[in-house]
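Enquirer: Build me a model:
(2 chains)
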Amino acid sequence: MGLIVAEDVTKDYRMGDVAVKALKKITFSLAPGAFTAFIGPSGSGKTTLLNLIGCLDKPSAGRLTVADVDVSSLDRKQSAIFRGKNIGFIFQDFNLIPVLTVYENVEYPLLMVQNIPAPEREKRVTALLEAVGMLEQKGKYPDQISGGQKQRVAVARALVTNPKLVLADEPTANLDHKTAYLVIELMKKMRAEFKTTFIFSTHDQKVVSEAETIFTLEDGELVGTHGGANNA
Amino acid sequence: MANWSALTEVQTMRNLFKIAVRNLMRYKRRTLLTASLITIGVVFVLVFISVSGSFKNMMIGQITDSMIGHMQVHRKGYVASIENLPLNLNLKAGAIARLEDILDKQPELEAYSPRIKFGGMFSNFVETANIRLNGVYPDKELKSVPLLASRVTEGKKVLGKGEIWIPELLAKGMKVKVGDTVVVVATNKDGSVNGKQFIVSGVLESATGPGGRDGYIHIEDAMEVLRMDGKEISEFAIRLKDFGKLNSFNEKLSGLLSKELNQQGKPIFELHTWEKLSPFYNIARMIDVMTFFIKLMLIAIVLISIMNVMIMAVYERIREIGTIAAIGTLPGKILNMFLIEGLCLGVVGAVLGSIVGSALIFILNASKVTFNFGQQKGLILHANIYPYDIIVISATVIIVSVIASLQPAFKASRMEPIKALRHV
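Expert: Now for the predicted structure:
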């Protein structure tokens, strides 16, 4: 059984008076531990698909299960609990909380989402900050560190809850090539260390080449697969 | 395990406060302006309450301590005709004895003073004017209305038999001085007229303004002028040890007096507090109404300023809200995060306002500001603010701050993370 199973997943939404078919009967499955990229031009449906997998949105039709849970069946609160327990997010713009230090940003999901006791929190946050090379910067605020450092902090925040799945929407879009490559290397290293499934969307060909499985989307349809995924 | 859970809850709450405070500090100027606005509002209300309360208490004190007493007992039906000073509605000896028996047993009483009130003609042998006279036992009267003596601006502050204290109005108008001989003529309840000479021993300034026409004579002189065969009393002025217990004692005494019935089985006495006997009660009520509206203004200031700030805060942080919602923060915690921001603003405004307001009141008292009330000149303002008022106003500000934050906080907590993350 896959960690993610999509069966004829469709997503429609309205943009003013225009009906948009963002995803058209997407079907695939992904095994735990995959390091997967969704690629395609802008408007192809990558972000929409990641939002559905991340339980931030619901499919209009079809069935999507993540960790054996049908995401359509979750209400607002259940979705939040499910995300907090199973999914880590890495955003294109890093989305660190500006009033919290590096340490506090990584600690946030443990304290505010998972209610982990202080000694365990400290152990996990310190280990992850060390793993992403940000331990010495732990007292700094997001506006005091570089973009690459922010994304490393974001990777640590996404992993600190030991999620089954990390979703990264264009994680390297705001980074230069060298830093982008380092972030992808870091994600791969973290995948190896924590056995977490990584799914990311990207335009960057160098980043794409690092993925083990690649899905290509065009106009909301899955048009190609490379690597070990099952595209039915 | 339960201990860990409780401890983590405390840490979560502490973290919410930390985030709220840091977010407030993030927009220092806006936070400072809003907190200042609330502070100014609290200061204004505290100073207004203390000054208006001081003026009100001073006014009530003047009315009750120099004229009316805290409450009065009359024969049933007397107050309805009080402007006529009806002698036929005086209390007779039997009723007086029963009433004095009841009053003597009340530990709440400081003193009471029986009075015979009647209207008469006042003459200096050249001119004649009407006068309203109070026949009193001077010692009892001065215990019941202790500021009366302070109203004697000329002459002796002790009233003896054969002497009269006359109102300043008559003294000036008829050019009567202390030591002059005057005549008081009055009609008794049988319709016959009698007169008696008095020596003016004091001139009284009015407690309530230029219209005062009350004079004072000894009660035995009053009985002589009115040719009373036995003891009769128009009213009993009562002074309590603690004015704050006026309402509770009023209820108690009303209960006791209602049991005193005449031969027809109807009540003999009627009891009224100063509020029912003086038009100045309406002024006191107006001050209360003004205070209420000032408090409403404070609530409006707090409500609008906090709501404005919180709406801005939510709008500016939509992407942050999306981020924390996406990573699994429950809507309730997002709600609390913004409520705590409003709460902190309210607490800062209330605390600063209370400190600055109290300091201003202290300075006002130290400055010994004076004001005039009626004929009373140079009364010193004693602006008092009680801890109860500070607590109530601070609590109101804090509660209103939280209420004002509710709508923006609800909006933040109900935001769809996907829409919030897309917000530019």
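Enquirer: Report the contact partners of the closest residue to chain B within chain A.
Expert: When scored by C-beta to the nearest C-beta, chain A has A:Gly84 as its residue closest to chain B, at 2.3 Å. No exception for glycine: its C-beta is placed from N, CA and C like everyone else's. A:Gly84 sits next to A:Pro109, A:Val113, A:Gln114, A:Thr161, B:Ile327, B:Gly328, B:Thr329 when contact means C-beta atoms under 8 Å, 6 or more residues apart in numbering or on different chains.
Enquirer: Please, which helix or strand holds B:Leu7?
Expert: Using DSSP states H and E, B:Leu7 falls within helix B:2-26.
Enquirer: Check whether the following helix or strand past that helix comes near chain A.
Expert: Once helix B:2-26 ends, the next helix or strand along the chain (criterion: DSSP H and E) is helix B:28-63. No. Applying C-beta under 8 Å from any C-beta of the partner chain, one finds helix B:28-63 separated from chain A by no less than 12.6 Å.
Enquirer: and the helix or strand that helix B:28-63 is followed by, what does it pack onto?
Expert: Using DSSP H and E, the helix or strand that follows helix B:28-63 in sequence is strand B:71-75. Judged by 3 or more C-beta pairs under 8 Å, 6 or more residues apart in numbering or on different chains; DSSP states H and E, the packing partners of strand B:71-75 are strand B:235-240, helix B:246-258, strand B:269-273, helix B:274-277.
Enquirer: on that earlier part again, quick check: angle from the helix holding B:Leu7 to helix B:28-63?
Expert: Orientation check (axes from the mean of the first three to the mean of the last three C-alpha atoms, to 10 degrees): helix B:2-26 against helix B:28-63 gives 90 degrees.
Enquirer: Could you pull out the buried residues of helix B:2-26?
Expert: By 16 or more other C-beta atoms under 10 Å in any protein chain shown, the buried positions in helix B:2-26 come out as B:Thr8, B:Gln11, B:Thr12, B:Asn15, B:Leu16, B:Phe17, B:Ile19, B:Ala20, B:Val21, B:Arg22, B:Asn23, B:Leu24.
Enquirer: residues in chain B within reach of chain A, list them.
Expert: So far as C-beta under 8 Å from any C-beta goes, chain B lies against chain A at B:4-5, B:7-9, B:11-12, B:15-16, B:19, B:22-23, B:26, B:319-320, B:322-331, B:333, B:417-418, B:421.
Enquirer: follow-up on the earlier one: where among the helices and strands packed on strand B:71-75 is average confidence lowest?
Expert: Ranked by mean pLDDT, the helices and strands packed on strand B:71-75 bottom out at helix B:274-277, with a mean of 88.
Enquirer: For A:Glu136, see how far away A:Thr179 is.
Expert: For A:Thr179, the distance to A:Glu136 (C-beta to C-beta, to the nearest Å) stands at 18 Å.
Enquirer: More neighbours: these two, which one.
Expert: Remark: of A:Thr179 and A:Glu136, A:Thr179 carries more neighbours, 17 against 10, as counted by other C-beta atoms under 10 Å in any protein chain shown.
Enquirer: Who are the contact partners of the residue lying closest to B:Phe17 once chain neighbours are set aside?
Expert: Using C-beta to C-beta, 6 or more residues apart in numbering or on different chains and skipping residues adjacent in sequence, the residue nearest B:Phe17 is B:Ile340, 5.8 Å away. Applying C-beta under 8 Å, 6+ apart to B:Ile340 gives the contacts B:Leu16, B:Phe17, B:Ala20.
Enquirer: which secondary structure element contains B:Ile340?
Expert: Here B:Ile340 is assigned to helix B:331-366, by DSSP H and E.
Enquirer: Work out the gap between that helix and the centre of the chain.
Expert: The chain centroid and the centroid of helix B:331-366 are separated by 27 Å, computed with C-alpha atoms, centre = their mean, to the nearest Å.
Enquirer: about what we covered before: helix, strand or coil: sort out the residue of chain A closest to chain B for me.
Expert: Each residue gets one of three states, and A:Gly84 gets helix by DSSP: H, G, I helix; E, B strand; the rest coil.
Enquirer: and the gap between A:Pro109 and B:Arg29?
Expert: From A:Pro109 to B:Arg29 the distance is 32 Å (C-beta to C-beta).
Enquirer: Find the nearest non-adjacent residue to the residue nearest to the spatial centre of chain A, please.
Expert: Against the mean C-alpha coordinate of chain A, by C-alpha atoms, centre = their mean, the closest residue is A:Leu167 at 0.9 Å. If the residues on either side of it in the chain are set aside, A:Leu167 comes closest to A:Gly54, at 4.8 Å by C-beta to C-beta, 6+ apart.
Enquirer: One more: A:Asp57?
Expert: A:Asp57 sits nearest to A:Asn51 (C-beta to C-beta, 6+ apart), 4.3 Å away.
Enquirer: hang on, that neighbour in a strand?
Expert: No. Counting by three-state DSSP, one finds A:Asn51 to be helix, located in no strand.
Enquirer: if I look at the residue nearest to B:Ala404 when sequence neighbours are not counted, how far off is B:Ser123?
Expert: Spatially, and ignoring its direct neighbours in sequence, B:Ala404 is nearest to B:Ile306 (3.8 Å; C-beta to C-beta, 6+ apart). B:Ile306 is 70 Å from B:Ser123, where distance means C-beta to C-beta.
Enquirer: My read is that the residue nearest to A:Asp57 contacts B:Ile418, right?
Expert: Yes. With contacts counted by C-beta atoms under 8 Å, A:Asn51 reaches B:Ile418, the gap being 5.5 Å.
Enquirer: still on that earlier bit, show me which of the buried residues of helix B:2-26 is closest to B:Val302.
Expert: Distance to B:Val302 across the buried residues of helix B:2-26 (C-beta to C-beta) is lowest for B:Leu24, with 15.5 Å.
Enquirer: Which residues of chain A lie near chain B?
Expert: Going by C-beta under 8 Å from any C-beta, the residues of chain A near chain B are A:51, A:54, A:56-57, A:76-77, A:80-85, A:87-89, A:91, A:93, A:95, A:97-100, A:108-109, A:111-118, A:157, A:161.
Enquirer: mind running it again at 6 Å?
Expert: A:51, A:56-57, A:80, A:83-84, A:89, A:95, A:99, A:109, A:111-113, A:115, A:117 (C-beta under 6 Å from any C-beta of the partner chain).
Enquirer: Now, of these, which are buried?
Expert: A:51, A:56-57, A:80, A:83-84, A:89, A:95, A:99, A:109, A:111-113, A:115, A:117.
Enquirer: farthest pair in those?
Expert: Spatially, the most separated pair among those is A:Asp57 and A:Pro117, at 33.1 Å (C-beta to C-beta).
Enquirer: Partner strands of the helix or strand hosting A:Phe200, with direction?
Expert: Under the criterion of DSSP H and E, A:Phe200 resides in strand A:197-202. Taking DSSP bridges as the criterion, strand A:197-202 forms sheet pairs with strand A:35-39 (parallel), strand A:165-169 (parallel).
Enquirer: And the contacts of that strand?
Expert: Residues outside strand A:197-202 that contact it (C-beta atoms under 6 Å, 6 or more residues apart in numbering or on different chains): A:3, A:32-38, A:46, A:50, A:165-171, A:187, A:191, A:208.
Enquirer: Tabulate the CA atom coordinates of the helix or strand bottoming out on mean pLDDT in chain A in CSV.
Expert: One helix or strand of chain A scores below all others by mean pLDDT, DSSP states H and E: helix A:205-208, with a mean of 78. This file holds the C-alpha atoms of helix A:205-208, laid out as CSV (Å, rounded to 0.1, in the frame of the first residue of the first chain):
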residue,chain,number,x,y,z
GLN,A,205,16.3,21.3,-13.9
LYS,A,206,19.3,20.9,-11.6
VAL,A,207,17.0,20.3,-8.7
VAL,A,208,14.9,17.9,-10.8
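Enquirer: after that helix comes which helix or strand?
Expert: strand A:213-218.
Enquirer: in its sheet, what does whatever helix or strand comes next after that following strand sit against?
Expert: Next helix or strand after strand A:213-218 toward the C-terminus (DSSP H and E): strand A:221-226. Next to strand A:221-226 in the sheet, as set by DSSP bridges, lie strand A:213-218 (antiparallel).
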